[in-house]
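Engineer: Next comes the sequence, and after it the predicted model I'd like to discuss.
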Amino acid sequence: MSRRFMTLIVLMAALPTLAAARGDPPDNAIHLELRPRICTLAAKDAQCETRIQASWRSPHPESLCLVLLEHANVRRCWENIAEGTYTVELAFSDDLTFQLRDPARDQAVATEVLRVIREALRYRHKRREPWNIFS
């Protein structure tokens, strides 16, 4: 075998290890996705007011509950299905943590955070006096 072919074989064998090291979830993992993922507050805004869509999917049917850690009243459960979607309108000023939990084992199987980013006030400081050719 050629050297190129051997290198290709070694790289293909290492791909699953590289994906795991990079933090990619394995193919049999439960995926949780939020939309939007970020809320940007302008300097004048006190809180985000938006519709949040949380969707999940699993390679096989699951019984799971979606909970919002910062709001105990936000909870949606599904029984023996492979995917689900939940939409909620919320007003919030800090990050929100969504967890997909297995109620039978009382453990989180997926977690996503909706980040709040505050726009920084932009001050322009003059570093020097502007020059003038007439002075």
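Structural biologist: Sure thing, it's come through.

Engineer: give the contact list for Ser58.
Structural biologist: Ile30, His31, Leu64, Ala82, Glu83 (CB atoms under 8 Å, 6 or more residues apart in numbering). All C-beta spots, glycine's among them, are computed from the backbone N, C-alpha and C.

Engineer: That one: which element?
Structural biologist: strand 48-68 (DSSP states H and E).

Engineer: which parts of the helix or strand hosting Thr97 are buried?
Structural biologist: Following DSSP H and E, one finds Thr97 within strand 96-102. Residues of strand 96-102 classed as buried: Leu96, Phe98, Gln99, Leu100, Arg101 (neighbour count, 16 or more other CB atoms under 10 Å).

Engineer: Between the residues you listed, which sits nearest Pro59?
Structural biologist: Distance to Pro59 across those (CB to CB) is lowest for Leu100, with 14.1 Å.

Engineer: bridging residues for the closest one?
Structural biologist: Leu66, Ala110 (DSSP bridges).

Engineer: measure it to Lys44 for me?
Structural biologist: Leu100 is 35 Å from Lys44, where distance means CB to CB, to the nearest Å.

Engineer: and if you look at Leu69?
Structural biologist: 28 Å.

Engineer: Show me which of those two is the more surrounded one.
Structural biologist: Between Leu69 and Lys44, Leu69 has the larger neighbour count (other CB atoms under 10 Å), namely 14 against 6.

Engineer: Just read off the phi/psi values of the more buried one.
Structural biologist: Main-chain dihedrals, Leu69, degrees, to the nearest 10: phi -60, psi -40.

Engineer: do the same with Arg37
Structural biologist: Residue torsions, per degrees, to the nearest 10, at Arg37 are phi -100, psi -20.

Engineer: Equivalent analysis for Lys44, please.
Structural biologist: Main-chain torsions, Lys44, degrees, to the nearest 10: phi -90, psi -10.
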